[in-house]
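Participant: okay, predicted coordinates and the sequence, questions at the end:
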Amino acid sequence: MNVKDMLRQASDAAKQLITLSDQTIIGILKETAQVLRTHTEEVLAANRQDLERMDPANPKYDRLKLTEERLQGIAADMENVSTLPSPLNKVLSETIRPNGMVIRKVTVPFGVIGVIYEARPNVTVDVASLCLKSGNAVMLRGGHAAERTNAATLGVIGEVLQAHGFDSALVQSVDDFGRDGATTMMQARGHIDLLVPRGGRGLIQAVVANSKVPVIETGAGNVHIYMDRAGDPAKAIPIIINAKTQRIGVCNAAEKLIVHAEAAERFLPLAAAALMEAGVELHADERAYAIIDAMPDHDPQLLKHATDEDWDTEYLALTMGVKIVDSLDEAIEHINRHSTGHTESIVSEDYAAIEEFTGRIDSAVVMVNASTRFTDGGVFGFGAELGISTQKMHARGPMGLVEMTTTKWIGYGQGQVRA
């Protein structure tokens, strides 16, 4: 069987899925989550094999790594998705025309959703659960790095689907076909209705540039935290440390710290000390460098001069760019110029500054006095997420069930004809 045959099977299976009740889907998802728990050792063993082939210093290593706790969380997310209201057949609008026709706009599945991702085994289960719940079949390309882990989890999902008499083609992977599989997915207009890339900037741009299938661009995260002149250091320090260091290899980790000049002298030494204690290397502009370099106890090995390239770099490492600005306007201008449109955060006690920042920042998510790590479908109450969209089409920010539907119009008449 080749990829084109698999795509035809997925299209046929998607038509079967439309006929299933939400209660049936809920039962399948809950059972899959439970079976996944009983296969914990099998999945972790496969994951260890994948990890052995990757350098622990690689930023993808942490994303690839599964633990029993993470696997339990993945199963719990699937259960959470199962309990969410179905996004299908919702009447978004209804009008009665002068001739008596009733016209409704309702939500429907896309059909087949393709996802190309790398070193993210949680995505396999998250996307499968979201697609099944929203009435979509899914075609996955999870990449070489996680192929054993993905095969193990897909085996569990397929086992449950077949046990209930459903086609395992509802959730398939083209990993066995390598890059050719991904290329075929990108060219599969008419078989795949929507394609979502998840990964680094290179992967995302390659899919956007080469795909003939409609693409939702998800986010590389050059994420900023702005410390306003009215910011509270007691709030700012824990926010920055959490956003930068809790998980460094994820797209909602903070990469840049922008500090108002009026707060710099009192705040930067505190922030730099906390970041250096956490092992973060600081790439500072000239003014920030001077302030940090004057600190008697700073670690000179963790202080570098920033270059122009730094402001556009997503480090995915214990590295952070630091810049001082003279005004809120300058902060907003800098962030909008260099951001990837993912998430930005402001730390401030000034309501006017907060309103200005949230109104003018052109990113999918803006946090106020909170860590950027909260940009996540699970945290937002979606159960799981398809990805975090940084484009401005029908979906922006964390994508859950609603974003995995499209719409159709239905006109109800009683024999009317157009004059």
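Facilitator: Structure's in. What do you need?
Participant: what ranges does this structure have for its helices?
Facilitator: Here the chain has its helices, by DSSP state H, at 3-18, 22-38, 40-52, 60-64, 68-83, 121-133, 147-163, 178-186, 201-210, 233-245, 261-277, 286-293, 328-338, 351-360.
Participant: any idea how many residues pack against Asp308?
Facilitator: Applying other CB atoms under 10 Å, we find 6 residues neighbouring Asp308. (C-beta placed from N, C-alpha, C; glycine too.)
Participant: ugh, typo on my part, it should be Gly190
Facilitator: Around Gly190 there are 11 residues (other CB under 10 Å).
Participant: can you give me the distance of it to Lys408?
Facilitator: From Gly190 across to Lys408, the span is 18 Å (CB to CB, to the nearest Å).
Participant: ok, now Arg360?
Facilitator: From Arg360 across to Lys408, the span is 36 Å (CB to CB).
Participant: repeat that for Ser348.
Facilitator: With CB to CB as the criterion, Ser348 and Lys408 are 44 Å apart.
Participant: same question, Ser211
Facilitator: Per CB to CB, Ser211 is found 24 Å from Lys408.
Participant: quick one: which of the two has more around it?
Facilitator: Here Ser211 and Lys408 are compared on neighbour count by other CB under 10 Å; more neighbours surround Ser211, at 21 against 9.
Participant: out of everything not next to it in sequence, what's closest to that one?
Facilitator: Closest residue to Ser211 apart from its sequence neighbours, by CB to CB, 6 or more residues apart in numbering: Met186 at 4.2 Å.
Participant: that neighbour: what's it in contact with?
Facilitator: Under the criterion of CB atoms under 8 Å, 6 or more residues apart in numbering, the contact list for Met186 reads Ile116, Leu195, Val207, Asn210, Ser211, Lys212, Val213.
Participant: thinking again about what came up before, could I get the helices of the chain as CSV with mean pLDDT?
Facilitator: Below are the helices of the chain laid out as CSV (pLDDT from 0 to 100):
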stretch, mean pLDDT
helix 3-18, 90
helix 22-38, 96
helix 40-52, 97
helix 60-64, 89
helix 68-83, 95
helix 121-133, 94
helix 147-163, 95
helix 178-186, 94
helix 201-210, 89
helix 233-245, 98
helix 261-277, 98
helix 286-293, 98
helix 328-338, 98
helix 351-360, 98
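Participant: how many neighbours does Val319 have?
Facilitator: Residue 319: Thr, not Val. Thr319: 17 neighbours (other CB under 10 Å).
Participant: an error on my part: the question was meant for His191.
Facilitator: Neighbours around His191, by other CB under 10 Å: 21.
Participant: per-residue pLDDT, it?
Facilitator: If you check His191, the pLDDT there is 93.
Participant: surely it meets Gln9?
Facilitator: No: with contact defined as CB atoms under 8 Å, His191 does not count as touching Gln9 (10.0 Å).
Participant: re the thing from before, between the helices of the chain, which one is nearest to Leu386?
Facilitator: helix 121-133 (5.6 Å; CB to CB).
Participant: now the angle between helix 40-52 and the closest one, please.
Facilitator: Angle, helix 121-133 to helix 40-52, by axes from the mean of the first three to the mean of the last three CA atoms, to 10 degrees: 130 degrees.
Participant: mind listing what's buried in helix 121-133?
Facilitator: Residues of helix 121-133 classed as buried by neighbour count (16 or more other CB atoms under 10 Å): 121-133.
Participant: so how far is that helix from its chain's centroid?
Facilitator: Computed by CA atoms, centre = their mean, to the nearest Å, the chain-centroid distance of helix 121-133 equals 12 Å.
Participant: stretch 255-264 too?
Facilitator: Worked out by CA atoms, centre = their mean, stretch 255-264 lies 27 Å from the chain centre.
Participant: what of stretch 284-303?
Facilitator: 34 Å.
Participant: gap between the two ends of it?
Facilitator: The straight-line separation of the ends of stretch 284-303 (CA to CA, to the nearest Å) is 7 Å.
Participant: repeat that for stretch 194-211.
Facilitator: Stretch 194-211 has an end-to-end distance of 10 Å (CA to CA).
Participant: could you measure His164 against Thr390, distance?
Facilitator: To Thr390, His164 is 37 Å away according to CB to CB.
Participant: swap that for Asn210, sorry
Facilitator: According to CB to CB, Asn210 and Thr390 sit 19 Å apart.
Participant: which one's more surrounded, the two?
Facilitator: Higher neighbour count among Asn210 and Thr390: Thr390, with 23 against 12, using other CB under 10 Å.
Participant: list the contacts for the more buried one?
Facilitator: Counting by CB under 8 Å, 6+ apart, Thr390 makes contact with Glu217, Thr218, Gly219, Ala220, Thr340, Gly341, His342, Ser363, Ala364, Arg396.
Participant: give me the number of residues near the second one?
Facilitator: Other residues lying near Thr218 total 28 when counted by other CB under 10 Å.
Participant: how about the nearest residue to it, chain neighbours excluded?
Facilitator: In this structure, Thr218 finds its nearest non-sequential neighbour in Gly387, 3.7 Å apart by CB to CB, 6+ apart.
Participant: can you give me the buried ones in stretch 94-111?
Facilitator: The neighbour-count criterion (16+ other CB under 10 Å) identifies Val106, Thr107, Val108, Pro109, Phe110, Gly111 as the buried residues of stretch 94-111.
Participant: check Ala419 and give its pLDDT.
Facilitator: Reported pLDDT at Ala419 in the predicted model: 87.
Participant: from Met101, how far out is it?
Facilitator: From Ala419 to Met101 the distance is 13 Å (CB to CB).
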